[in-house]
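>>> show me the folded form of this:
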Amino acid sequence: MKFTRTRALVAALVPLAAIAAFAAPSATADTTAAPAPKIIVTPNYGAADGGTAVAKTNVPCPDGSTSFRFMLSGPNVPGYVFGSSRLGTPLPADGIPDTSVIGARLLFPAGTLPVNGASYALDAQCLDAARNATTLASTTVKVNEGVWNTLAPVVYALPAKIGSLRVSLVAFTGFAGGEGVTGTLRAADGTNVPVTLQPQGTDAQGRGAALLQVPASVADGSYTLVVTGAASKAVGEIAVTLDTTRVWW
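This is a model prediction of the structure:
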């Protein structure tokens with residue numbers, strides 16, 4: 001059975017709100033447990049060449065710590081002290097490492113070209129009076145198209161097996177708030193085919209839902225749907241299959 005383009009679009013758009021709700025973090029999560037140590041980088045993306053930021057942890061250093069430092073390491077960056085002193089910056093009264101006491105600093109050292117597509121480790125270290133260092137928390141900094149980001153997007157597709165209608169509902173979360181997104185289908189051989197995602201934006205929390213439309217020229221087979229933030233260049237992926245022997249899934 002064939003649906004007209006208009007009927008297919010109307011039918012597909014109805015569940016968008018439900019998918020957006022599915023992608024949103026649960027409001028019933030347990031808030032009584034002690035939080036897992038993490039690093040918060042503000043802003044959460046910037047230019048790899050010249051982008052500045054501040055970083056802090058969400059939990060304090062252990063008892064006996066007197067100072068802190070943040071270390072960035074990865075390809076071309078063997079060990080760069082970001083926003084603090086290699087010998088340690090004195091801890092504030094609350095014991096939480098926070099580079100805002102120094103101000104925004106280059107996330108990557110000046111004159112260093114981060115490797116596109118690479119991931120870097122940013123570690124928050126606590127130091128005692130003898131300068132023994134303990135890693136309190138870590139986060140991953142990814143570089144894509146000349147932009148670094150600390151985001152971790154997640155993409156959902158319903159259905160993940162796309163039929164002859166060539167449409168699917170896509171939800172995504174974990175992008176930068178208010179940025180646009182673009183989509184491509186990546187084949188097994190690495191070739192990319194642009195696809196249409198409508199609407200192409202995120203809310204203030206970096207969440208969104210869209211109708212995915214696959215061009216008629218795309219052959220049946222297995223693909224990876226790649227969703228990229230227009231500003232942050234953060235990437236989320238999900239495996240999808242195009243099978244036009246089926247109408248829906």
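>>> can you pull out the low-pLDDT segments for the protein?
Residues of the chain that meet the criterion pLDDT under 70 lie in 1-31, 248-249.
>>> can you give me the helices in it?
For the chain, the helices defined by DSSP state H cover 5-13, 16-23.
>>> name every strand pairing with the lengthiest strand in the chain and say which way it goes.
Counting by DSSP state E, the longest strand found in the chain is strand 133-144. Sheet pairing of strand 133-144 (DSSP bridges) gives strand 119-128 (antiparallel), strand 147-149 (antiparallel).
>>> can you show me the CA trace of that strand as PDB?
The C-alpha atoms that make up strand 133-144 are tabulated as PDB, following Å, rounded to 0.1, in the frame of the first residue of the first chain:
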ATOM      1  CA  ALA A 133      48.400  13.900  42.700                       C
ATOM      2  CA  THR A 134      45.100  11.900  42.800                       C
ATOM      3  CA  THR A 135      42.700  12.000  39.800                       C
ATOM      4  CA  LEU A 136      39.300  13.200  41.000                       C
ATOM      5  CA  ALA A 137      37.400  13.200  37.700                       C
ATOM      6  CA  SER A 138      37.900  12.900  34.000                       C
ATOM      7  CA  THR A 139      36.000  13.900  30.900                       C
ATOM      8  CA  THR A 140      36.500  13.500  27.100                       C
ATOM      9  CA  VAL A 141      37.200  16.400  24.800                       C
ATOM     10  CA  LYS A 142      36.500  15.600  21.200                       C
ATOM     11  CA  VAL A 143      37.800  17.600  18.200                       C
ATOM     12  CA  ASN A 144      35.800  17.700  14.900                       C
END
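>>> please identify the buried residues of that strand?
In terms of neighbour count (16 or more other CB atoms under 10 Å), strand 133-144 has its buried residues at 133, 136-137, 139, 141-144. In short, each C-beta sits where N, CA and C put it, glycine included.
>>> got CSV for those residues, with distance to residue 177 too?
Formatted as CSV, these follow (distance: CB to CB, whole Å):
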residue, distance to residue 177
133, 34
136, 27
137, 23
139, 18
141, 19
142, 18
143, 21
144, 18
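>>> closest one to residue 56 out of the residues you listed, please.
Closest approach between those and residue 56, by CB to CB: residue 137, at 9.9 Å.
>>> may I have the beta-bridge partners of the closest one?
residue 124.
>>> also residue 69?
residue 125.
>>> was I right to think it contacts residue 125?
Yes: counting by CB atoms under 8 Å, residue 69 touches residue 125, with 5.2 Å between them.
>>> find residues that contact each of those two.
Common contacts of residue 69 and residue 125, defined by CB atoms under 8 Å, 6 or more residues apart in numbering, comprise residue 133.
>>> tell me the most buried of the strands paired with strand 133-144?
Of the strands paired with strand 133-144, the one with the most neighbours on average (mean count of other CB atoms under 10 Å) is strand 147-149, at a mean of 24.
>>> contacts for that strand, please.
By CB under 8 Å, 6+ apart, strand 147-149 touches 44-48, 51, 107-108, 114, 120, 141-142, 176, 229, 231-234.
>>> pull out the buried members of the residues you listed.
Neighbour counting with 16+ other CB under 10 Å marks 44-46, 48, 51, 107-108, 114, 120, 141-142, 176, 229, 232-234 as buried within the contacts of strand 147-149.
>>> narrow those to those in strands?
45-46, 120, 141-142, 229.
>>> what's the farthest-apart pair in those residues?
Applying CB to CB across these, the maximum distance is between 120 and 229, 18.0 Å.
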